[in-house]
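In: Here is my input, please return the structure:
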Amino acid sequence: MENISRRDFVKGASLLPLAAAMPRSALARALADTSATYRFFTKHQAAVVIDATARLIPGPQDDPSETGHPGAREANVVRYIDTMLGAFTFPCTPISRSTSS
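Out: Numbers count the residues shown, from 1 in each chain. The predicted structure is shown next:
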């Protein structure tokens with residue numbers, strides 16, 4: 001069996017299907033937000049998630065050998081996780097079924 005890198009695993013195990021189901025405007029607005037307020041996490045919980053994800057996906061701040069590669073901190077992963085966990089707090093339009101046969 002071939003060894004798989006940590007980055008390849010994270011890419012393959014992403015939450016893209018859930019992100020695709022969210023309204024694009026809500027996801028873009030949430031990911032662009034750099035404020036210290038969160039939809040799902042408290043500030044303390046967000047700090048724990050930031051440090052935990054930085055250990056899993058280190059960037060140049062966490063590991064000098066990762067220079068030139070963004071890590072979890074640089075990619076604002078905590079904001080993405082917070083948005084996915086708070087996904088059901090966004091209003092969404094109902095999906096109507098087609099009754100044609």
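
In: what's the longest helix along the chain in contact with?
Out: Using DSSP state H to define each element, the chain has its longest helix at helix 43-56. Helix 43-56 has contacts (Cβ atoms under 8 Å, 6 or more residues apart in numbering) with 6, 10, 36, 38, 41, 61-62, 71-73, 77-78, 81-82. Backbone N, C-alpha and C define where each C-beta goes, glycine included.

In: Identify each buried residue in it, please.
Out: Using 16 or more other Cβ atoms under 10 Å as the test for burial, helix 43-56 gives 46, 49, 50, 53, 54.

In: And the strands in this protein, which stretches?
Out: Here the chain has no strands by DSSP state E.

In: low-scoring stretches of it, by residue?
Out: The model of the chain has pLDDT under 70 over residues 1-2, 4, 8-35, 98-101.

In: how about 50 then?
Out: 1 (pLDDT under 50).

In: which stretches of it form helices?
Out: So, for the chain - with DSSP H - the helices run 6-12, 16-21, 24-32, 43-56, 77-85.
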